Every structure is written in C-alpha cells, then in structure tokens.
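In: Sequence and computational prediction follow.
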Amino acid sequence: MSNNTKELEEIIEKLGTQLANNVYDTIKTLQFSLDLTERYYENSHSRYVGDLSAKMAKLLSLDEEDIFVIKTAGLLHDIGKIGFRDTALFKSPSEMTTREFKQYKLHVDIGREMLYNHRALQAVADVIYQHHENFDGTGFPEKLHKNQILLGARIINIVDFFHNAMHKSMNVSSIADISQKTNATDYLQETQRKFDNVIEYIEDQKNIRFDPELVHLFIKLVESERKKIEGYLVKRIHITNIKPGMIFADSYYSSSGLLIANKGEVVVNETLRALYRCVESNQIPQKLLMLADNSY
Ligand SMILES: [Fe+2]
Ligand SMILES: [Fe+2]
C-alpha cells in the first residue's frame, strides 16, 4: 500500500469517527430535550423504549446499523411532542377530544421533519414516522399494514404501549415504587397483576395492533427481565462499588435537571462515567439506591 493510500485511509477513518461522535452528540442533545415531556412517567419513557427496542433488535440478530437505527428511533420516537401542552402529554388517545387527537397525531410528522434535517438520522426519522401504524392497517399516519410497516416501527409500537401501560400515571405515588422497597420481590408482587393484564392485552392484540411474531418475542423478553431481578435487594451502594450489570432502583438527575440514570435501567460504563462527574461536583450523593444480589 502506498503512503498516500494509507494517509487517505487514516483521514477517512478519522472523519468517520468524528461523524459518529457528531451523530451521537446530536442524539444526546435531543434526548435531553425530550426528557422535558416525560413528567408523567415514573421513569424515563424514551430511554426505556430505546433500550428495550434495541434488545428486541438484538434478539432478532439484526446487524449493528439496524440496531443503532431502532435504538435511536425508540429513544426519540416521541420527539415531535416537544412543545405539546400538558393535557396532550398526560391524556391517553382514548381520552382525547377529536381535535386533541388530530393534534396528537401530528407528533409523528413533526418528529420526522425534525430528524430529516440531519442526514445521518433520516433512517431513524422514517421509523419514527411509522411508530403508530398498526399491523391490521388501522393506525396512523398512512394506515400501512403488516410488512409495509418498517420492522423497527413494529417493535417500537409494542414496547411503547407496554411502557405506557406499566409506568405512565397522573398520580405517580400510586405506582408501586421500587425505590421504596427493601427487595425486588415485593415490587414484582405488587406489579404482577398489572403486568399480567398488560401482557394479556398485548396477546389479544396480535394481528390487530401488533405483529404476532414480535409479540411472542417481546413477552419472552419482558418475562425474563422480571425474573432477572427476583431475589434482588434494594441497597444504598457507594459509587465506587457500583458495577455494570447492576440495576438502578431510583432515577438520578444532574443539578440542572438532566436525567443521568434511569430507574430500572442496567448500569453501563457510559452512565457510570456521567455519575462520577455528578458525584465529584456534589450534584448527587455518593451512595445510590441500587438493585443488587446478596454479594454486594
Ligand atoms: Fe408516539
Ligand atoms: Fe411513547
């Protein structure tokens, strides 16, 4: 390989990394703005939908690029709701007036328009545009059905419904709160009936609202997620002892109100780095409420 070719390859690689970082920074910035619309949830709706949709995509053995698109679309699926009035944020579509529902439906158009401005996010924008399409063609905005709907949008449709049904409330204190418990078993028991009802509804909506094959996979996934925390204890653990794989039993915010760690989310290195920065500047306590097994 000539020196010139090698240099050129190095430049391309550097530009590729810069572009990837740039896209990543854009997504983070958008995600923080989205948090503003999430005060009616007991934890971050968008982060949950992003994480669980990515898990579904991995179970389907999709390639890295598709997983990235689906995760990002999950994370930003409701970005078009920024600026919506409170009434449009807390009501479910069935409670809305015809006028409110018409307005609400626009969030998929707005979301697509916003992200189309960033060339690297156009595939994400397409998935977001379709996340309210139903398998039987009764959704919006295009009334697409079955495989006309992008796989990512079919996944997000289920995850979005599940998280809304389990964790959205006008009265957050009425929701069984994992951070108030001393062990995860109590939390699981208290939420079991609700969980069973939500799963039963999702099952019933196979071929109607949801893709039947994805329903099957999704139920297996959320059941195994719940099993994972059985027997876990809620503990206050010092930041230096928090390890990837543990689960946050509470949400943690920076002093300016940005969500750093999400209740129910598994610890990853990136979150840990952000937490360290906040602990060093005294924005959050050194000991955090975590779900962990007895070895900690
Ligand atoms: Fe939506
Ligand atoms: Fe949503």
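Out: Ah, there it is. Numbers count the residues shown, from 1 in each chain. Ligands and ions are numbered 1, 2, ... in the order given.

In: Please count neighbours and contacts with C-alpha atoms only from this point.
Out: Noted.

In: where does Gly231 fall, helix, sheet strand or coil?
Out: When classified by DSSP: H, G, I helix; E, B strand; the rest coil, Gly231 comes out as coil.

In: Contacts only, for it.
Out: Gly231 is in contact with 183-185, 293, counting by C-alpha atoms under 8 Å, 6 or more residues apart in numbering.

In: And the furthest pair within these?
Out: Thr185 and Asp293 (11.8 Å; C-alpha to C-alpha).

In: Between those two, which contacts overlap?
Out: Common contact partners of Thr185 and Asp293 (C-alpha under 8 Å, 6+ apart): 231-232.

In: that older thread, would you reformat the contacts of Gly231 as TSV and include distance to Arg193?
Out: Formatted as TSV, those follow (distance: C-alpha to C-alpha, whole Å):
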residue	distance to Arg193
Asn183	18
Ala184	15
Thr185	14
Asp293	24
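
In: Identify, from these, the entry nearest to Lys91.
Out: Ala184 (29.8 Å).

In: so what secondary structure elements neighbour the one helix or strand Lys227 maps to?
Out: Element membership of Lys227, judged by DSSP states H and E, is helix 212-228. Applying 3 or more C-alpha pairs under 8 Å, 6 or more residues apart in numbering; DSSP states H and E, one finds that helix 212-228 contacts helix 45-59, helix 151-167, helix 184-204.

In: Out of those, flag the one nearest Thr97.
Out: The closest of the helices and strands packed on helix 212-228 to Thr97 is helix 151-167. By C-alpha to C-alpha, the value is 19.5 Å.

In: That closest one: which residues count as buried?
Out: Applying a neighbour-count criterion of 16 or more other C-alpha atoms under 10 Å, one finds 151-160, 162-167 buried in helix 151-167.

In: Give the helix, strand or coil label for Lys235.
Out: Lys235 falls in the strand class when you classify it by three-state DSSP.

In: isn't it right next to Leu289, touching?
Out: Yes - with contact defined as C-alpha atoms under 8 Å, Lys235 reaches Leu289; the gap is 5.5 Å.

In: Mind putting the helices and strands packed on helix 212-228 into TSV with mean pLDDT?
Out: TSV is the format used below for the helices and strands packed on helix 212-228 (pLDDT from 0 to 100):
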stretch	mean pLDDT
helix 45-59	95
helix 151-167	96
helix 184-204	94
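
In: count of residues packed around the residue lying closest to Phe32 once chain neighbours are set aside?
Out: Of all residues beyond its chain neighbours, the one nearest Phe32 is Leu258 (6.5 Å), with distances taken as C-alpha to C-alpha, 6 or more residues apart in numbering. Residues contacting Leu258 under the criterion other C-alpha atoms under 10 Å number 14.

In: pLDDT on the helix or strand where Leu34 lies, on average?
Out: If you go by DSSP H and E, Leu34 is part of helix 3-35. Averaged across helix 3-35, pLDDT comes to 80.

In: Next, the angle helix 45-59 makes with that helix.
Out: 130 degrees (axes from the mean of the first three to the mean of the last three C-alpha atoms, to 10 degrees).

In: so what secondary structure elements neighbour helix 3-35?
Out: Applying 3+ C-alpha pairs under 8 Å, 6+ apart, we find helix 3-35 packed against helix 45-59, helix 64-76.

In: which of the residues in the first one are buried?
Out: Neighbour-count burial for helix 45-59, counted by 16+ other C-alpha under 10 Å, picks out 45-57.

In: ok, back up a step: quick one: closest of the helices and strands packed on helix 212-228 to Ile284.
Out: Across those, Ile284 has its closest neighbour in helix 45-59 (20.1 Å, C-alpha to C-alpha).

In: Contacts for that closest one, please.
Out: With C-alpha under 8 Å, 6+ apart, helix 45-59 has contacts from 31, 34-35, 38, 66-68, 70-78, 152, 155-156, 159-160, 163-164, 217-218, 221, 262, 265.
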